[in-house]
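Enquirer: Predicted model follows, preceded by the sequence.
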Amino acid sequence: MPGLSTERAVVLGEIYRRDGWWRIRAVGQGWDGGLAGLATDYGMADAEPGASPARPRPTKQVKTRI
């Protein structure tokens, strides 16, 4: 991606589903802080170094159209 300099993490695009259709969107955003900066911007808390990962919660299965 042209124009990158100090970015350590980059989101080039997103694939998502809307109204039953798969869509692709170009993003092109970078973070100097690496994955920690990306995770913070997406609302995820930074884990303490050496901390054990949180256990995933069971999720309810939802049937979807494909």
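Expert: Good, I have the coordinates.

Enquirer: C-alpha only now, for contacts and for neighbours.
Expert: Fine.

Enquirer: which SS class is residue 37?
Expert: helix (DSSP: H, G, I helix; E, B strand; the rest coil).

Enquirer: Quick one: residues contacting it.
Expert: With contact taken as CA atoms under 8 Å, 6 or more residues apart in numbering, residue 37 is in contact with residue 31.

Enquirer: That one and residue 9, how far apart?
Expert: Residue 37 sits 8 Å away from residue 9, going by CA to CA, to the nearest Å.

Enquirer: what do the two both touch?
Expert: residue 31.

Enquirer: what about residue 15, distance to residue 31?
Expert: From residue 15 to residue 31 the distance is 20 Å (CA to CA).

Enquirer: the more surrounded of the two?
Expert: A count of neighbours by other CA atoms under 10 Å puts residue 31 above the other of residue 15 and residue 31, at 17 against 9.

Enquirer: I'd guessed the more buried one sits against residue 9; true?
Expert: Yes: applying CA atoms under 8 Å, one finds residue 31 in contact with residue 9, separated by 5.3 Å.

Enquirer: which neighbours do the two share?
Expert: residue 38.

Enquirer: Now do the strands in the protein.
Expert: In the chain, the segments counted as strands under DSSP state E are 9-18, 21-31.

Enquirer: among those strands, which is nearest residue 41?
Expert: strand 21-31 (9.4 Å; CA to CA).

Enquirer: ok, and what's touching that closest one?
Expert: Under CA under 8 Å, 6+ apart, the answer for strand 21-31 is 1, 4, 7-17, 37-38.

Enquirer: So how do I select the buried members of those residues in PyMOL?
Expert: The PyMOL selection below is limited to those of the contacts of strand 21-31 classed as buried (16 or more other CA atoms under 10 Å):
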select buried, resi 9+10+37+38
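
Enquirer: Single out whichever of the contacts of strand 21-31 has the smallest pLDDT.
Expert: When these are compared by pLDDT, residue 1 scores lowest at 69.

Enquirer: that older thread, for my notes, please list the strands of the chain in JSON lines and give distance to residue 43 for each entry.
Expert: Converted to JSON lines, the strands of the chain look like this (distance: least, CA to CA, whole Å):
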{"stretch": "strand 9-18", "distance to residue 43": "15"}
{"stretch": "strand 21-31", "distance to residue 43": "14"}
